[in-house]
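J.: Give me a 3D structure for the following:
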Amino acid sequence: MTVESPARRSPLDRHHARFAAATRASGGTVRLAEFPFLTQFSVRLDPKGPAGDAAGLALGLQLPLEPNTLVRGGELTALWLGPDEWLVVGPPGAEHDLRARLRAVSECPAASVVEVSAQRTTLLVGGARSRDLLARGCSLDLHPRSFGAGRCAQTNLARSQVVLAARDAHKPGFWVLVRSSFAAYLGDWLLDAATEYTNTEYEDTEYTDTECGETAYSDQGSPPGPGL
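T.: Model prediction:
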């Protein structure tokens, strides 16, 4: 007898169609989408010790040492969370590969590597008005001079604790990593805050985001997205 595994559902599965409708209604000035199931590992170590060197070799990038910055390399992104703490984010399905690559790091003294992929889901808040939208619930200065490409921060957005990361310079917007238990609340808040930039009633429809090059918002669920 074959037992089928239950379908994997993201914390914002029921929001996909509403995100699509809001994006369409705004004419693309605001883009909302979930990119679920990204691979995430919490890495804690002394960057000046052997574990820091081992992490660089394993990841193919150097962990950022400047506070509130991130480094991208290939499909991976390393976000600075503290003097001895980083969040490493990769594409969906990369858990086993990344765990194997980080094994040498976890074996170093006073180093810790923990998979936290299920802890947070990832929201894309993009478009020309993305900063204005987030400013409604976030006290950080999000002007490009202060929070441009390569910046990240742990902060509160609409009273939810999030990790906020700026996208590449040529793609206006942000990645918002939020705890799974707060995701539905934050999704509802973003939809409500976005009504200023929409001009029609939300419809359950599909929206193709040409910026991302894929149909990322659909009532059928989001396909696997890239890393940050």
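J.: Which residues belonging to stretch 113-130 are considered buried?
T.: The neighbour-count check on stretch 113-130 (16 or more other CB atoms under 10 Å) flags 113, 115, 117, 120-127, 129-130 as buried. In this view, the C-beta of every residue, glycine as well, is placed from N, C-alpha and C.
J.: let me redo that: stretch 154-167
T.: Buried, per 16+ other CB under 10 Å, within stretch 154-167: Thr155, Leu157, Ala158, Ser160, Val162, Val163, Leu164, Ala165, Ala166, Arg167.
J.: likewise stretch 55-64?
T.: Applying 16+ other CB under 10 Å to stretch 55-64 flags Ala55, Gly56, Ala58, Leu59, Leu61, Leu63, Pro64 as buried.
J.: and if you look at stretch 38-56?
T.: In stretch 38-56, counting by 16+ other CB under 10 Å, buried: 38-41, 43-45, 47, 51-52, 54-56.
J.: Surely Leu191 touches Phe19?
T.: Yes: here Leu191 reaches Phe19: they are 7.4 Å apart, a contact under CB atoms under 8 Å.
J.: Could you check which of the two is surrounded by more residues?
T.: Comparing Leu191 with Phe19 by neighbour count (other CB atoms under 10 Å), the higher total belongs to Phe19, at 28 against 18.
J.: what helix or strand is the more buried one on?
T.: Taking DSSP states H and E as the criterion, Phe19 maps to helix 16-25.
J.: C-terminal to that helix, which secondary structure element comes first?
T.: The helix or strand immediately downstream of helix 16-25 is strand 31-35, counting by DSSP H and E.
J.: For this structure, just list every one of the strands.
T.: 31-35, 39-44, 70-73, 76-82, 85-90, 112-115, 120-126, 152-157, 160-166, 173-179, 207-209, 214-217 (DSSP state E).
J.: Output the ones you listed in a markdown table, with distance to Leu140 and mean pLDDT appended to each entry.
T.: As requested, those are exported to a markdown table (distance: least, CB to CB, whole Å; pLDDT from 0 to 100):
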| stretch | distance to Leu140 | mean pLDDT |
| --- | --- | --- |
| strand 31-35 | 19 | 97 |
| strand 39-44 | 22 | 98 |
| strand 70-73 | 15 | 96 |
| strand 76-82 | 15 | 98 |
| strand 85-90 | 18 | 98 |
| strand 112-115 | 27 | 97 |
| strand 120-126 | 13 | 97 |
| strand 152-157 | 5 | 98 |
| strand 160-166 | 7 | 98 |
| strand 173-179 | 10 | 97 |
| strand 207-209 | 25 | 44 |
| strand 214-217 | 25 | 40 |
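J.: is it possible to export those to CSV including distance to Arg8?
T.: Converted to CSV, the strands of the chain look like this (distance: least, CB to CB, whole Å):
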stretch, distance to Arg8
strand 31-35, 13
strand 39-44, 14
strand 70-73, 26
strand 76-82, 22
strand 85-90, 17
strand 112-115, 16
strand 120-126, 12
strand 152-157, 26
strand 160-166, 22
strand 173-179, 18
strand 207-209, 22
strand 214-217, 17
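J.: what packs against the lengthiest helix in the chain?
T.: Longest helix in the chain, counting residues (DSSP state H): helix 180-193. If you count contacts as 3 or more CB pairs under 8 Å, 6 or more residues apart in numbering; DSSP states H and E, helix 180-193 packs onto helix 16-25, strand 31-35, strand 120-126, strand 160-166.
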